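[1] Let's see this in three dimensions:
(one chain, ligands or ions: 2)
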Amino acid sequence: MLRLCKSAVKTVAPVRSQIRSPVRVPARAPMLMSVRHYDIPKHLTKIGEEANPDFFRMVEFFYHSAVQVVEPSLVEYLNKHTHMSEKKRLQRVAGILKVMGSCNSCIQMEFPLQRKSGDYDIIQAYRVQHSVHRLPCKGGIRFSDEVNLDEVKALASLMTFKCACSNIPFGGSKGGVSIDPRKYTVAELQRITRRYTLELAKKNYIGAGIDVPAPDFNTSGREMSWVVDTYIKTLGYQDLNAAACVTGKPINGGGIHGRVEATGRGVFMTIEYFIHDEHFMNLCGLSPGFKGKTAIIQGFGNVGSYTGVYLHKHGVKIIGVCEYGANIANPDGINPTDLMKYMEKNKKSAKGYPAAQPAGEDLMYQKCDILVVAAKEKVILADNADKVQAKMVAEGANGPTVPSAHSILVKKNILVIPDLLCNAGGVTVSYFEFLKNLNHVSFGKLSIKFWRDSNTALLDSVQKSLKNANVDAKVSPTKEFASMMSGASEKHIVGTGLEFSMTNACANVAAAAKTHNLGIDLRTAAYITSIEKIFVTYDEHGLAF
Ligand SMILES: NC(=O)C1=CN([C@@H]2O[C@H](COP(=O)(O)OP(=O)(O)OC[C@H]3O[C@@H](n4cnc5c(N)ncnc54)[C@H](OP(=O)(O)O)[C@@H]3O)[C@@H](O)[C@H]2O)C=CC1
Ligand SMILES: O=C(O)CCC(=O)C(=O)O
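    Ligands and ions are numbered 1, 2, ... in the order given. Here you go, the predicted structure:
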């Protein structure tokens, strides 16, 4: 796959490993080196033009396209192995890139379910571990009648690159059960989830050190409770860390404050980062800042609704919401919290929402500043990308844009915040929940009393000093200090930890876009930051026995 073109000369930057600065990282001074040419694998060469490619092929294509840009600097990075010949270094780079692009393992299962009616269904389900370069692997479980092996492989590979992009030390995996949950009773869904978990446990595909699922499309804390309960009561009964076998659990079952809204909150944080970046705003033709901005949200489930809540809180007018079978619009703005309450009471449908008007099928293509796509994959295709009028697209969903559409959006100077960066808030807070479970104590619990006592003693001491100096004053904490006297709460730690992580990831991606002269193409930049980090791991740990 690698071909060496000795004649050409190009400037590229060396691999940056684990940039940790929470603020914008300046692009490194480029280094002079020879260009190598990396060929996209043959089976993917047409994917860039296909109208509706397979999902896994799509992610593979994005990965290999980014490799084409970054491969010379990976070769350069291996110059540090002075004992290796040039040939060996090239072989090592090619080997690492092959491993990184391949899927480690997949399981496909079929099990029976007796329906309430007495009939039997055969349920098909999957779990894919794309990368085990870090363990455990991490990725949600999706319930949808569209689930198939290709989709789960694609989603698992996205998890690999997503975790690396945000410095979350996990490999990538994903699970899916091929059912339409609306067609099953709650009791039936519980039996499906428990049987699925048992199959994962028997096949060694779940466990705190192995593979840790979480919620995704059509699943939530309820299903995660069933997962952890099944695991603890069966194969995990001797495992002290059994509660860490899944994240996104309700608080009472070992969950963490802030996971429910984490993905949407993270989507908002990425929009916030780029909307305040003058360079990228110039490229897409928007004025920096939230003032006067409008947004349309496609998919108002967990991710879309919380993204809306945070955008609204920061003054962005939500002028349209596209939901399955019910598009609604209001040029004066929709209140997302109010809409969430309405949908909760209205069988999760936005139909008939009184504070907005029904809108046509083309709502997604109406003029707005920010389009949030938060429903599912392959929504922006070659034949509708041209219709998108937003200046920014935030990919709350996984894989909403196919490669041919991605090229059209880039040509139109639309700033796309790519899925692997944009929706990483969920897995980030899942990581915090995982740590909480391994610690067997919630964040702050051991130090709260100490901080309260210590700060109270500080105020007493100031009061006494004033008294000794004959100053008659009552020392009392300000409202702000009073709220911090007991140190950081779990909620506070999760909020600030998430912000640190998302901002850092955005800064790394922005820096990679500049270093590699990618202009507005943040997707390639995001893949590059992930590839660089995973590459260093394989180089240091080794890749084959
Ligand atoms: N939950 C999480 O933590 C994370 C989720 N994601 C991704 O975000 C996306 C959404 O997931 P999540 O919010 O959890 O899922 P939910 O099931 O909570 O919400 C999905 C929403 O999208 C709607 N929808 C489905 N198809 C369409 C369509 N064609 N047009 C408009 N709306 C549609 C659904 O409506 P209806 O209910 O009527 O079908 C539902 O309201 C997925 O791609 C998922 O992989 C990414 C990172 C983390
Ligand atoms: O929270 C997690 O572990 C994974 C969430 C997820 O499935 C995703 O980011 O797509």
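[2] Where does the chain get nearest to ligand 2, residue-wise?
    residue 140 (2.7 Å; C-beta to the nearest ligand atom). (Glycine included, C-beta is placed from N, CA and C.)
[3] what's that residue in contact with, if anything?
    Neighbouring residues of residue 140 by C-beta atoms under 8 Å, 6 or more residues apart in numbering: 155, 174, 175, 213, 214, 215, 216, 217, 219, 248, 426.
[4] following the strand or helix carrying residue 59, which helix or strand comes up?
    Using DSSP states H and E, residue 59 sits in helix 55-77. Per DSSP H and E, the first helix or strand lying C-terminal to helix 55-77 is helix 86-101.
[5] Counting by contacts, list what that following helix packs against.
    Packing partners of helix 86-101 (3 or more C-beta pairs under 8 Å, 6 or more residues apart in numbering; DSSP states H and E): strand 2-12, helix 55-77, helix 522-541.
[6] Within range of ligand 1, give me the residues from this protein.
    Counting by C-beta under 6 Å from any ligand atom, the chain comes close to ligand 1 at 215-218, 263, 298-303, 322-324, 348, 374-376, 396-398, 423, 426.
[7] got CSV for the helices and strands packed on helix 86-101, with mean neighbour count, distance to residue 131 and mean pLDDT too?
    Shown next, in CSV, are the helices and strands packed on helix 86-101 (neighbours: other C-beta atoms under 10 Å; distance: least, C-beta to C-beta, whole Å; pLDDT from 0 to 100):
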stretch, mean neighbour count, distance to residue 131, mean pLDDT
strand 2-12, 12, 21, 30
helix 55-77, 23, 11, 97
helix 522-541, 22, 7, 97
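[8] which residue sits closest to the residue of the chain closest to ligand 2, ignoring its sequence neighbours?
    Leaving aside its chain neighbours, residue 140 sits nearest to residue 216 (2.9 Å; criterion: C-beta to C-beta, 6 or more residues apart in numbering).
[9] same question, residue 130
    Closest residue to residue 130 apart from its sequence neighbours, by C-beta to C-beta, 6+ apart: residue 156 at 3.8 Å.
[10] which SS class is that neighbour?
    Under the three-state scheme (DSSP: H, G, I helix; E, B strand; the rest coil), residue 156 adopts helix.
[11] give the contact list for it.
    Taking C-beta under 8 Å, 6+ apart, we find residue 156 in contact with 103, 128, 129, 130, 137, 139, 172, 173, 174.
[12] and if you look at residue 399?
    Residue 399 neighbours (C-beta under 8 Å, 6+ apart): 55, 58, 59, 154, 155, 158, 377, 378, 419.
[13] can you rerun that using 7 Å?
    55, 58, 59, 154, 158, 377, 378, 419 (C-beta atoms under 7 Å, 6 or more residues apart in numbering).
[14] okay if I get those residues as TSV plus distance to residue 122?
    Converted to TSV, those look like this (distance: C-beta to C-beta, whole Å):
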residue	distance to residue 122
55	24
58	29
59	29
154	24
158	28
377	25
378	27
419	32
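[15] farthest pair in the residues you listed?
    Greatest spacing in the contacts of residue 399, by C-beta to C-beta: 158 and 378 (13.0 Å).
[16] between the two, which one's more packed in?
    Shown here are residue 158 and residue 378; by other C-beta atoms under 10 Å, residue 158 has more neighbours (27 against 18).
[17] Leaving out sequence neighbours, find the closest residue to the more buried one.
    In this structure, residue 158 finds its nearest non-sequential neighbour in residue 398, 5.3 Å apart by C-beta to C-beta, 6+ apart.
[18] right, and residue 281 touches residue 288 too?
    Yes - with contacts counted by C-beta atoms under 7 Å, residue 281 reaches residue 288, the gap being 4.7 Å.
[19] And the pLDDT at the closest residue to ligand 1 within the chain?
    Per C-beta to the nearest ligand atom, residue 301 is where the chain lies closest to ligand 1, at 1.6 Å. Looking at residue 301, its pLDDT reads 97.
[20] What residues does it make contact with?
    By C-beta under 7 Å, 6+ apart, the contact list for residue 301 reads residue 374.
[21] cool, residue 172 as well?
    Neighbour list for residue 172: 130, 131, 137, 138, 139, 156, 157, 159, 160, 163 [criterion: C-beta under 7 Å, 6+ apart].
[22] which phi and psi does the second one have?
    In terms of degrees, to the nearest 10, the main-chain angles of residue 131 are phi -140, psi 130.
[23] One more: the fourth one?
    Residue 138 has phi and psi values of phi -140, psi 140 when expressed as degrees, to the nearest 10.
[24] What degree of burial does the residue nearest to it when sequence neighbours are not counted show, as a neighbour count?
    Distances taken as C-beta to C-beta, 6+ apart place residue 170 nearest to residue 138, at 3.8 Å, with adjacent residues excluded. Residues near residue 170, counting by other C-beta under 10 Å, number 26.
[25] same deal with residue 459?
    Neighbour count for residue 459, taken as other C-beta under 10 Å: 14.
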